[in-house]
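Student: Quick check, what structure comes out for this input:
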Amino acid sequence: MQVRGRLDRSGEEALAWLSGEVGLQEAQVMGIQASESAIQERVQEIRSQFESEEAFLEQMEAEGLTVEDLRTFIRREVIFSQVQQEVTKDAAPTEEEVAEFYELNRSQFEAQVRVAHIVVCENFDAEARRCSPGPGDEELAQDIANRAREGEDFGALAREHSVDTVSAVNNGELGYLSRGDLVGPLEEAAFNLLEPGDVSQPVLTDFGYHVVKLLEVGQPLEAARERIADNLQVEQETKAFEDWLNDALKDARINVNPRLGRFDKISRSVVPADTEEQQAAAENS
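Tutor: Residues are numbered from 1 along each chain as shown. The predicted structure is shown next:
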């Protein structure tokens, strides 16, 4: 394959350009095309980010682009994305690979805790995400902690009292956490609880007074399986595409602007002309 057009750039820009050109030319071999509906949908998505059509066109003009330029860019983007999907469609982690990853990182999973919390704050600024504690906040938080210890449903208390509305709808649950995932006082409260069911004393952060309940110590394989599989999927897809791109670049004939140097297929970068001259001089000395 010959990459049409002379490479007139270097560094990351050169690699991005080459990747795009290789992808587009391979798309022709694969019979991949961008549908007009997909292009138009993406154009409309970009347009919707502006208050008006006039604002959209003004931004385009400021960037030196026409709508047709945008459509051309999107067409390339859509085609390249479809090439990636085709190249990586068979990448998928096996159950054995998921289990192996868990075993290799077992100590990290076992060090995690699953907790729920309730955040009390009378004067919570949702926009700034900060609390100005009211005079009754600490007392209410202590009352909630006592009621939870006496067996009252923690999820119901969270839905009634917590200003963290995101976690409240899920019974206050924050999921599995590692050290470093929470702000200092909240982290200490969570990791100082010893047995599932333990409830902390109220602790104050910028978000308000937190009451924390320990639900589980350690994340088992079954709970971690989906996330591990997702992460391995991304890694395998990335590797599959990188391998495919490397092979495609090895077979490609790439013309580089002589003033920049030459394209090195091993490092996948443009070797500057002065570097080549210095290397040649060193070898001849």
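Student: How about Leu245, nearest residue that isn't a chain neighbour?
Tutor: Nearest non-adjacent residue to Leu245, counting by CB to CB, 6 or more residues apart in numbering: Ser19, 6.0 Å away. In short, each C-beta sits where N, CA and C put it, glycine included.
Student: element containing that neighbour, please.
Tutor: According to DSSP states H and E, Ser19 maps onto helix 11-30.
Student: So for stretch 105-124, could I get the coordinates as CSV, restricted to C-alpha?
Tutor: C-alpha atoms of stretch 105-124 as CSV (Å, rounded to 0.1, in the frame of the first residue of the first chain):
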residue,chain,number,x,y,z
ASN,A,105,-4.2,-8.3,41.8
ARG,A,106,-6.1,-10.1,44.6
SER,A,107,-4.4,-8.1,47.4
GLN,A,108,-5.7,-4.8,45.9
PHE,A,109,-9.3,-6.2,45.6
GLU,A,110,-9.2,-7.6,49.1
ALA,A,111,-8.1,-4.3,50.5
GLN,A,112,-11.2,-2.6,49.2
VAL,A,113,-14.3,-1.8,51.1
ARG,A,114,-17.9,-1.4,50.0
VAL,A,115,-19.6,1.4,51.9
ALA,A,116,-22.7,3.5,52.0
HIS,A,117,-23.0,7.0,53.4
ILE,A,118,-25.5,9.8,54.3
VAL,A,119,-24.5,13.4,53.9
VAL,A,120,-26.3,15.9,56.2
CYS,A,121,-26.2,19.6,55.3
GLU,A,122,-28.9,22.2,55.9
ASN,A,123,-27.1,24.8,53.6
PHE,A,124,-25.7,22.9,50.7
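Student: so where's the stretch 1-150 of the chain uncertain?
Tutor: Within the stretch 1-150 of the chain, the stretches with pLDDT under 70 are 1-18.
Student: who touches the next helix or strand after the helix holding Ser19?
Tutor: Using DSSP H and E, the next helix or strand after helix 11-30 towards the C-terminus is helix 36-47. Contacts to helix 36-47, defined as CB atoms under 8 Å, 6 or more residues apart in numbering, come from residues 53, 56, 67, 70-71, 74-75, 77-78.
Student: If any of these are buried, give me the ChimeraX selection for them.
Tutor: Listed next is the ChimeraX selection for buried residues among the contacts of helix 36-47, using 16 or more other CB atoms under 10 Å:
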select :56,70,71,74,75,78
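Student: Dump the contacts of helix 36-47 to TSV, plus secondary structure.
Tutor: Below are those laid out as TSV (DSSP: H, G, I helix; E, B strand; the rest coil):
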residue	secondary structure
Glu53	helix
Phe56	helix
Val67	helix
Leu70	helix
Arg71	helix
Ile74	helix
Arg75	helix
Glu77	helix
Val78	helix
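Student: ok, which stretches of the chain are strands?
Tutor: With strands called from DSSP state E, the chain shows them at 113-120, 124-125, 130-131, 173-177, 203-205, 208-217, 262-264, 269-271.
Student: Can you say which of those strands is nearest to Phe191?
Tutor: strand 113-120 (6.3 Å; CB to CB).
Student: how close does Glu100 sit to Tyr176?
Tutor: Per CB to CB, to the nearest Å, Glu100 is found 20 Å from Tyr176.
Student: ugh, typo on my part, it should be Val234
Tutor: Using CB to CB, one obtains 19 Å as the distance from Val234 to Tyr176.
Student: Please parse the protein into its domains.
Tutor: Listed domain ranges for the chain are 11-93+226-284, 112-217 (source: automatic domain parsing).
Student: Among those domains, show me which one is buried the most.
Tutor: Of the domains of the chain, the one with the most neighbours on average (mean count of other CB atoms under 10 Å) is domain 112-217, at a mean of 17.
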